[in-house]
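Undergrad: Using only what follows, build the 3D model:
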Amino acid sequence: MPQSLYEAFSRALPGLQTRRDEPLCRHTSFRIGGPAAVMVFPKTEDELIAALRLCADLETVPAVLGAGTNVLAPDEGLPGVVISTRELNEIRMVGDCEIEAECGVTLARLAVFARDRGLTGLEFAHGIPGTVGGGMYMNAGAYGGELVQVAVSARFLTLTGEVREYHGEEMGLSYRHSAFMEQTGLIVSARFRLRPGDPEAVTARMRELMEKRSKSQPLDLPSAGSTFKRPVGGYAAALIQDAGLKGFRIGDAAVSEKHSGFVVNLGHATASDVQRLIAAVQEKVRERSGILLEPEVRLWKPEAR
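TA: Numbers count the residues shown, from 1 in each chain. A predicted model of the protein is given here:
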């Protein structure tokens, strides 16, 4: 099947960048993951739609990968198709205070684009290591800011290439959740409404948040950011630390010494190491506090998608 999938893409979409047996560890911030049988890199929305329709014709459900900052890819790799959205990175102004960005635009670039045009409201996003597509999918946020505060609409592609538009509350944005999580497809672009602001003040706020992030988070080691969602009435990092798990490791996967809410790759961690560590942390925290931590990182399974 992997061979025939690659041949099918090469024949049907010869202009689409297509790779065979592409190591997922090259595309995830954890630096973990075996080969994707087929990985494609559409540069336009038309190429993306064509790739989705071909997947539908081949009766294979693709996995979608943006910056790979919130994903744990399996050691075995994936036998199906992975669609990378990183080349879909167009960004433009829509009116005086609205920005439209494609799904592959990084949140850092989006924030800088806004600042350079005298707009405020996205400073919190500057240090979030993800893309517009992934950020909207999970309503990314940090330091009191969330995309729900500035997002006004999103364009969504179904797995058959049908475009749907969602506005305001239709997007269902809440803490680390969106209506898109209940559907099959991907966000292709989103619009954000901001406010006029002083670029110097915006830059100062970005710098302040980045300094705070670098002091408190293990940015020098591969990770997928915060490993667990914030539980009701508490913080995952505090619960993990209270359970005596700071520095706890399985293989080369470890609870960060700098921030207990992060699981990091010390060098040669496998997906199995990380999954077993996550399960052990969940068990020990529940034993101590009665709270079951829910992973924020998406755990991809090795079966065909």
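
Undergrad: what bits of the stretch 1-150 of the chain have low per-residue confidence?
TA: 1-3 (pLDDT under 70).

Undergrad: ok, which stretches of it are helices?
TA: 2-12, 45-57, 107-116, 132-138 (DSSP state H, counting those that start in this stretch).

Undergrad: Quick one: closest of those to E169.
TA: Distance to E169, taken as CB to CB, is lowest for helix 132-138 among the helices of the stretch 1-150 of the chain, at 14.2 Å. Using the backbone N, CA and C atoms, a C-beta is placed for each residue, glycine as well.

Undergrad: which residues touch the closest one?
TA: Residues from elsewhere that reach helix 132-138 (CB atoms under 8 Å, 6 or more residues apart in numbering): 64, 66-67, 69-70, 85, 101-107, 110, 125, 128, 140, 147, 151, 154, 171, 173, 176-178, 180-181, 186-190, 296.

Undergrad: And the buried ones among these, selectable in ChimeraX?
TA: Restricted to buried positions by 16 or more other CB atoms under 10 Å, the ChimeraX selection for these reads:
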select :64,66,67,69,70,85,101,102,103,104,105,106,107,110,125,128,140,147,151,154,171,173,176,178,180,186,187,188,189,190,296
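
Undergrad: still on that earlier bit, could I get the helices of the stretch 1-150 of the chain in JSON lines, plus columns for distance to Q282?
TA: Below are the helices of the stretch 1-150 of the chain laid out as JSON lines (distance: least, CB to CB, whole Å):
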{"stretch": "helix 2-12", "distance to Q282": "34"}
{"stretch": "helix 45-57", "distance to Q282": "34"}
{"stretch": "helix 107-116", "distance to Q282": "28"}
{"stretch": "helix 132-138", "distance to Q282": "20"}
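
Undergrad: Ok, which of those comes nearest S272?
TA: Across the helices of the stretch 1-150 of the chain, S272 has its closest neighbour in helix 2-12 (22.0 Å, CB to CB).

Undergrad: Quick one: residues in contact with that closest one.
TA: Under CB under 8 Å, 6+ apart, the answer for helix 2-12 is 16, 18, 20-21, 37-38, 40, 51, 54, 58, 60, 79-81.

Undergrad: Try it again at 7 Å.
TA: With contact meaning CB atoms under 7 Å, 6 or more residues apart in numbering, helix 2-12 is reached by L16, T18, R20, A37, V38, V40, L54, L58, T60, P79, V81.

Undergrad: distance of the first one from R53?
TA: L16 sits 12 Å away from R53, going by CB to CB, to the nearest Å.

Undergrad: do the same with the fifth one
TA: Distance from V38 to R53, counting by CB to CB: 15 Å.

Undergrad: neighbour-wise, which of those two wins?
TA: V38 (31 against 16; other CB atoms under 10 Å).

Undergrad: right, and the more buried one touches T18 too?
TA: Yes. If you go by CB atoms under 7 Å, V38 and T18 touch, sitting 6.5 Å apart.

Undergrad: Neighbours of E208, how many?
TA: E208 has 12 neighbours, counted by other CB under 10 Å.

Undergrad: Kindly report the same for the one 5 residues further on.
TA: Here the count is done by other CB under 10 Å, and R213 has 17 residues near it.

Undergrad: Am I right that it sits in a strand?
TA: No. If the criterion is DSSP: H, G, I helix; E, B strand; the rest coil, then R213 is helix and not within a strand.

Undergrad: For it, which non-adjacent residue is spatially closest?
TA: Spatial nearest neighbour of R213, chain neighbours left out: G127 (4.7 Å); criterion: CB to CB, 6 or more residues apart in numbering.

Undergrad: which residues touch that neighbour?
TA: So G127 contacts A142, L209, M210, R213 (CB under 7 Å, 6+ apart).

Undergrad: Okay, it and Y175: tell me how far apart.
TA: 19 Å.

Undergrad: Now do the helix or strand where A254 lies: everything it contacts.
TA: Here A254, judged by DSSP states H and E, is contained in strand 253-255. Residues from elsewhere that reach strand 253-255, judged by CB under 7 Å, 6+ apart: 240, 245-248, 263-266, 269, 273-274, 277, 281.
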